[in-house]
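>>> task: produce atomic coordinates for the following.
(2 chains)
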Amino acid sequence: MKVATKKELFDCLSGMKVFAPVGKNLRFAEVSSADEIASPESIPLSPKEAFVPQDETLFFYDNPEDPTSIVEPEIDEKPFVVWGMHPCDAKAMELIGKVYTEGSYTDGYFVRRYNASVKVVIGCPVPHPGCFCGSFEGMGPFSKSGSDIFLIPLDDERFLVEGTTEKGENLIASLPDATDEDIAKGEAQKKKGEDAIDRSVPTENIENSMQALFDSEEFWEDIYHRCMGCGMCTYVCPSCYCFDIQDERIGNKYRRYRVWDSCQFGLFTLEASGHNPRPTQKERIRQRMMHKLSFFKLRYGDEHLCVGCGRCVAICPVGIDIRDVAKRAEALAK
Amino acid sequence: MDNPYKPIPVELVDTYFETNDRQLKSFKFRILDEDVKKLFDYKPGQFAQLSVLGKGEAPFGIASSPTEGDELLFTINRIGSVTQALHELEAGDKIGIRGPLGNWYPVDKFEGSDIVIVGGGYAFTTLRSLYIYLRDPSRRSKFGKITIVYGAREPGLLLYRDDLEEWKNDENLELVLTIDNPAEGWTGKVGFVPPVLKETAPSSENAYAVVCGPPVMIKFTLPVLHELGFSKDKIYTSLEMRMKCGIGKCGRCNIGHKYICVDGPVFSMAELDELTADL
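Predicted structure coming up:
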């Protein structure tokens, strides 16, 4: 276990691009010094963009009539740092990774970027009021899953620093070792967060409870009448990964690119014939809740597609709360 | 690393109107690269993404059978921007293709059984592929009696009329064609597919059924099949939904926890029964 100030840790990472929460919006952006990095308790936007850019070119072509003119973009495979992710975010990137590497098809764009990343994850001694990561098995405000370097804030200045992968360990090797006093303080910080985190959201069997309620008018009634279909929940969500693919012309060049999309939009499933299998907000909000709390686990095994970061709860303009959805589902299923 | 989003170039060899209303055109494509051609190994029921660069991409069932040689056949309804662009293509034009994608009709499971193929309207593309695959001389003896019940609104809207004409001479095939209303010169059945299927009454003994068609046809065909004794695990269908990636990543075409693009498009009715689905 090591100990460092923000600046000392930043120096260990020299030579690599560092993305961290900055500015008023706390968006993850490239920084050139440790002073620029904000250390907020919660970050309204997730670091997903560093791994899955909102807009990503799949390939360029000069001539639409000549498919042999397709050229793939170069992906920078130089190591880069994403600093200040929370444990929920690191878990979310692992979940997206499951999708992008499952089955016969591997998404090289994501995989190359994910493998090049150094994930500096900060534990949460003071979870945000909407957070409920502790409600998911194996997760919590100090879960190290998906990190390369794990930080525990000791005070305003210093962090306890742990290399959680070989890559992370090598980078922080030059830092001074933590004293017993530091380690004890770290443990106290951890306990503070673990004690505070909301573990009351039922998640263990929720995939089956949700399945049973799929056709329940009563259950979805309250939720969907309020939903305006703005899609904000999907944009702030660290684990929402759905995308659209489009072609466009830029000057004399063309490209095909993918762009974040949202299951909350009517166009998401609108077919050319005019048929839409999800014609109203009822089917759309149901799709999101089912994907988060049921479909993903049924498909990929042990984990849900929700990490309990609370961002969708905080941003929803009409107060739709996934925690309540889970609690109501569990109560009705009993 | 292979890029599953990158289409491979194909050349349009031939294109012609398939229906008299000139809404549907058939397209025969040839893969340009000889090495890539060998890798395009498909079975009946699979689909591919056709790319008109600058316009976009859309998924279509492969209407040819791998037993027919190298040319890939697609039959496409002109209805959106990509299909409009496809309809404007001329022989010699080049576009992109990604595939083959998805699963296929369980032809191995069909061995030793009778097969009932029920199709309606435009949804006969992969059924054509299926029957041509099954009737291949190298394979035909492995299957029992085959019954095809295929209907369209009017004679001119039946797809693959030359093939249907040729199949009329096939042994061990009962080919029943039907149209919605009487028409001059029509010698087949008149009526919707479900009652015509009921009247045809193929045996469900040691038999599988494959059904593709508009939702309303499927809805009324399933009870007829049940009445004839087909259980849900013996009835297969092929689903469609809006798709983008076609490889299980973009999150669009799910029914319950399955993706039509990688877990389908072919499902048994028993499999569909287990899913919570928006269809």
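
>>> close to chain B: what parts of the stretch 201-334 of chain A are there?
The interface of the stretch 201-334 of chain A toward chain B, taken as C-beta under 8 Å from any C-beta of the partner chain, is made up of A:211, A:214-215, A:241-247, A:249, A:254, A:256, A:258, A:261, A:263, A:268-273, A:277-278, A:283, A:287, A:290-291, A:294-296, A:298-299. Every residue, glycine included, has its C-beta placed from N, CA and C.

>>> which neighbours does the longest strand along chain B have in its sheet, and in what orientation?
When chain B is parsed with DSSP state E, its longest strand is strand B:8-17. Sheet pairing for strand B:8-17, assigned by DSSP bridges, gives strand B:24-31 (antiparallel), strand B:94-101 (antiparallel).

>>> contact partners for the closest residue to chain B within the stretch 101-250 of chain A?
At 3.4 Å from chain B, residue A:242 is the closest residue in the stretch 101-250 of chain A, using C-beta to the nearest C-beta. By C-beta atoms under 8 Å, 6 or more residues apart in numbering or on different chains, the contact set of residue A:242 is A:234, A:260, A:261, A:262, A:263, A:268, B:250, B:251, B:252.

>>> just the buried residues of the residues of the stretch 201-334 of chain A next to chain B.
Buried residues within those, counting neighbours by 16 or more other C-beta atoms under 10 Å in any protein chain shown: A:211, A:214, A:241-247, A:254, A:256, A:258, A:261, A:263, A:268-269, A:277-278, A:283, A:287, A:290-291, A:294-296, A:298-299.

>>> and the residues you listed, which of them are in helices?
Taking DSSP state H, the ones among these that sit in helices are A:211, A:283, A:287, A:290, A:296, A:298, A:299.

>>> where does residue A:63 land in three-state SS?
Put simply, residue A:63 is coil when judged by DSSP: H, G, I helix; E, B strand; the rest coil.

>>> what do you get for residue B:112?
Here residue B:112 is recorded as coil under three-state DSSP.

>>> sorry, back to before: nearest to residue A:328, out of the strands paired with strand B:8-17?
Counting by C-beta to C-beta, residue A:328 lies closest to strand B:94-101 out of the strands paired with strand B:8-17; the figure is 38.5 Å.

>>> ok, residues contacting that closest one?
Strand B:94-101 is contacted by residues A:65-68, A:70, B:4-12, B:29, B:31-32, B:40-43, B:46-53, B:57, B:59, B:62, B:72, B:86, B:89, B:246-247, B:261-262 when judged by C-beta under 8 Å, 6+ apart.

>>> could you give the mean pLDDT of that strand?
Per-residue pLDDT values over strand B:94-101 give a mean of 96.

>>> so which bits of that strand are buried?
Buried residues in strand B:94-101, counted by 16+ other C-beta under 10 Å: B:94, B:95, B:96, B:97, B:98, B:99, B:100, B:101.

>>> make CSV from the residues you listed and add distance to residue A:31 to it.
Output for those, formatted as CSV (distance: C-beta to C-beta, whole Å):
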residue, distance to residue A:31
B:94, 46
B:95, 44
B:96, 40
B:97, 44
B:98, 39
B:99, 43
B:100, 46
B:101, 42
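
>>> just name the shakiest helix or strand of chain B by mean pLDDT.
For chain B, counting by mean pLDDT, DSSP states H and E, helix B:34-39 ranks last in confidence among helices and strands (a mean of 88).

>>> do that helix and chain A meet?
No: shown here: helix B:34-39 not in contact with chain A (C-beta under 8 Å from any C-beta), separated by at least 11.5 Å.

>>> list the buried residues in that helix.
Buried, per 16+ other C-beta under 10 Å, within helix B:34-39: nothing.

>>> and that helix, how far out from the chain middle?
23 Å (C-alpha atoms, centre = their mean, to the nearest Å).

>>> what does it rub up against?
Residues from elsewhere that reach helix B:34-39, judged by C-beta under 8 Å, 6+ apart: B:8, B:31, B:70.

>>> let's go with 10 Å and repeat that
Residues outside helix B:34-39 that contact it (C-beta atoms under 10 Å, 6 or more residues apart in numbering or on different chains): B:8, B:9, B:10, B:30, B:31, B:33, B:70, B:72, B:97, B:100.

>>> among the contacts of strand B:94-101, name the ones in strands.
If you go by DSSP E, the contacts of strand B:94-101 have B:8-12, B:29, B:31, B:47-52, B:57, B:59, B:72 in strands.

>>> drop anything exposed from those.
Buried among those by 16+ other C-beta under 10 Å: B:8-10, B:12, B:29, B:31, B:47-52, B:57, B:59, B:72.

>>> can you tell me which of these is closest to chain A?
Set against chain A, the nearest of these by C-beta to the nearest C-beta is residue B:9 (4.0 Å).

>>> what sits against the closest one?
Residue B:9 touches A:66-70, B:29-33, B:36, B:51, B:94-97, counting by C-beta under 10 Å, 6+ apart.

>>> returning to that earlier point: what are the phi and psi values at the residue of the stretch 101-250 of chain A closest to chain B?
Phi and psi for residue A:242, reported as degrees, to the nearest 10, are phi -60, psi 140.

>>> now swap in the one 10 residues further on and tell me
Listed backbone geometry of residue A:252 is phi -90, psi 0, with angles given as degrees, to the nearest 10.

>>> cool, and residue A:169?
phi -60, psi -40.

>>> report the secondary structure state of residue B:118.
Three-state call for residue B:118 (three-state DSSP): strand.

>>> next one, pLDDT for it please.
98.

>>> then the one 10 residues further on?
Residue B:128 is assigned 98 on the pLDDT scale.

>>> cool, residue A:281 as well?
For residue A:281, pLDDT reads 94.

>>> can you report phi and psi for it?
Main-chain torsions, residue A:281, degrees, to the nearest 10: phi -60, psi -20.

>>> cross-check the contact I'm expecting between it and residue A:289.
No: Residue A:281 is beyond contact range of residue A:289, at 12.0 Å (criterion: C-beta atoms under 10 Å).

>>> so what sits against both of these two?
A:220, A:223, A:224.

>>> as a markdown table, the residues you listed with neighbour count, secondary structure and pLDDT would be great.
Formatted as a markdown table, those follow (neighbours: other C-beta atoms under 10 Å in any protein chain shown; DSSP: H, G, I helix; E, B strand; the rest coil; pLDDT from 0 to 100):
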| residue | neighbour count | secondary structure | pLDDT |
| --- | --- | --- | --- |
| A:220 | 20 | helix | 92 |
| A:223 | 20 | helix | 88 |
| A:224 | 18 | helix | 92 |
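
>>> among these, which one lies nearest to residue A:10?
Nearest to residue A:10 out of the shared contacts of residue A:281 and residue A:289 is residue A:223 (C-beta to C-beta; 43.9 Å).

>>> about what we covered before: please put the alpha-carbon coordinates of the least confident helix or strand of chain B into PDB.
The C-alpha coordinates for helix B:34-39 follow below in PDB (Å, rounded to 0.1, in the frame of the first residue of the first chain):
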ATOM      1  CA  GLU B  34     -12.200 -14.900 -54.200                       C
ATOM      2  CA  ASP B  35     -10.800 -15.600 -50.700                       C
ATOM      3  CA  VAL B  36     -13.600 -13.800 -48.900                       C
ATOM      4  CA  LYS B  37     -16.100 -15.600 -51.100                       C
ATOM      5  CA  LYS B  38     -15.000 -18.900 -49.600                       C
ATOM      6  CA  LEU B  39     -15.600 -17.500 -46.100                       C
END
